[in-house]
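Engineer: What follows is a predicted structure for the sequence shown.
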Amino acid sequence: MTAPFLNSDMGEGYGLHSFGNDDALLGLVDVINVACGYHAGDPDTMDRTVAAAVERGVLIGAHPGLPDLAGFGRRRMSLLPSEVESIVLYQVGALSAFLVKHGVRLNHIKPHGALYGMLAADPELMAGVARAARQFDVPVFGLAGTAHEAVCLELGVPFVAELYVDLNYDGAGELIIQRRPGKTDPAEAGWRVARAMAGEGVLAVDGTELDIRFDSVCVHSDAPNSVVVAAAVRAVLDRQQ
């Protein structure tokens, strides 16, 4: 079995305000998802984040969100599919300029926060993201068994399924998005990954055992103890190499 790879959302500071444990996490993850200026991030932050990832040999994807700096992109908005496509193209285009500057290619697109949840349940909105991904010829990261995967398959866009260790799942297999990140028990995070890799399922908050297919594990950089959580997951993944 090929071990899943580890990804993390980064570059989510703004101006003089730092956010997340990016520097430490870059030594643990394989792939990062860089905020593109709508929910977080700004030109200088994008530039620095890309440069740091290139130095560490970490692959770089875009992490476009809803235009909601005050709410960190975690508040839902009413958008047309064409508007979703436009905001994703706009943000990925901005990040792509810095990738060109540093001589690397875009690896993927992974929507952020409330947008991620909206897309999972709405094929028409998700089609907007898939069309944007086709313009850049990159895969989309998302949840297996949702509109993320179904629409990508329908439109011929490569899809990468994720498992989360610092967010909970409800009984239907949907992510429970937190407005503010909390601490995650590193041992429980490692246990979740080990169980899932062994085919034993992931426990939802109501005790339902979920069968979640995944190619990658996500650890959010903004959680208070994200570095130790990522280290615990890294150890589990490395044992499968």
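Structural biologist: Arrived safely. From a predicted model like this one, the values you see are computed outputs, not experimental measurements. Residues are numbered from 1 along each chain as shown.

Engineer: need the longest helix for the protein.
Structural biologist: With secondary structure taken from DSSP state H, the chain has its longest helix at helix 81-101.

Engineer: for Leu155, phi and psi?
Structural biologist: Main-chain dihedrals, Leu155, degrees, to the nearest 10: phi -100, psi 10.

Engineer: show me what contacts the closest residue to it other than its chain neighbours?
Structural biologist: Once flanking residues are discounted, Leu155 sits nearest to Ala130: 4.5 Å by Cβ to Cβ, 6 or more residues apart in numbering. For every residue, glycine as well, the C-beta is placed using N, CA and C. Contact analysis of Ala130 by Cβ atoms under 8 Å, 6 or more residues apart in numbering lists Val140, Val151, Cys152, Glu154, Leu155, Val157.

Engineer: for the host helix or strand of Glu188, packing partners?
Structural biologist: Glu188 is part of helix 186-197, with elements assigned from DSSP states H and E. Helix 186-197 sits against strand 159-164, strand 202-203, helix 226-239, with contacts defined as 3 or more Cβ pairs under 8 Å, 6 or more residues apart in numbering; DSSP states H and E.

Engineer: at 6 Å instead, please
Structural biologist: On a contact count with 3 or more Cβ pairs under 6 Å, 6 or more residues apart in numbering; DSSP states H and E, helix 186-197 meets helix 226-239.

Engineer: Can you mark which positions in the helix it packs on are buried?
Structural biologist: Within helix 226-239, the residues that qualify as buried are Ser226, Val227, Val228, Val229, Ala230, Ala231, Ala232, Val233, Arg234, Val236, Leu237, counting by 16 or more other Cβ atoms under 10 Å.

Engineer: And the helices in the protein?
Structural biologist: Here the chain has its helices, by DSSP H, at 22-25, 43-56, 81-101, 113-121, 123-136, 147-155, 186-197, 226-239.

Engineer: so how far is Glu124 from the residue nearest to Leu155?
Structural biologist: Ala130 is 11 Å from Glu124, where distance means Cβ to Cβ, to the nearest Å.

Engineer: What of Ala187?
Structural biologist: From Ala187 to Glu124 the distance is 41 Å (Cβ to Cβ).

Engineer: Report the distance from stretch 117-129 to the chain centre.
Structural biologist: 15 Å (Cα atoms, centre = their mean, to the nearest Å).

Engineer: Sorry, slip of the keys, the one I care about is stretch 54-68.
Structural biologist: Here stretch 54-68 is found 9 Å from its chain centre; the criterion is Cα atoms, centre = their mean.

Engineer: Equivalent analysis for stretch 27-34, please.
Structural biologist: Using Cα atoms, centre = their mean, the offset of stretch 27-34 from its chain centre is 10 Å.

Engineer: Need the CA coordinates for that stretch. CSV is fine.
Structural biologist: What follows is stretch 27-34, C-alpha atoms only, in CSV (Å, rounded to 0.1, in the frame of the first residue of the first chain):
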residue,chain,number,x,y,z
GLY,A,27,9.4,20.3,7.8
LEU,A,28,6.6,17.8,8.3
VAL,A,29,4.2,18.0,5.3
ASP,A,30,4.5,17.0,1.7
VAL,A,31,2.1,19.5,0.2
ILE,A,32,0.7,22.9,1.2
ASN,A,33,-2.4,24.8,0.2
VAL,A,34,-1.7,28.5,0.1
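
Engineer: For the most centrally placed residue in the chain, which residues are in contact?
Structural biologist: Centroid-nearest residue in the chain: Lys110, 5.0 Å away (criterion: Cα atoms, centre = their mean). Lys110 is in contact with Asn33, Gly61, His63, Phe141, counting by Cβ atoms under 6 Å, 6 or more residues apart in numbering.
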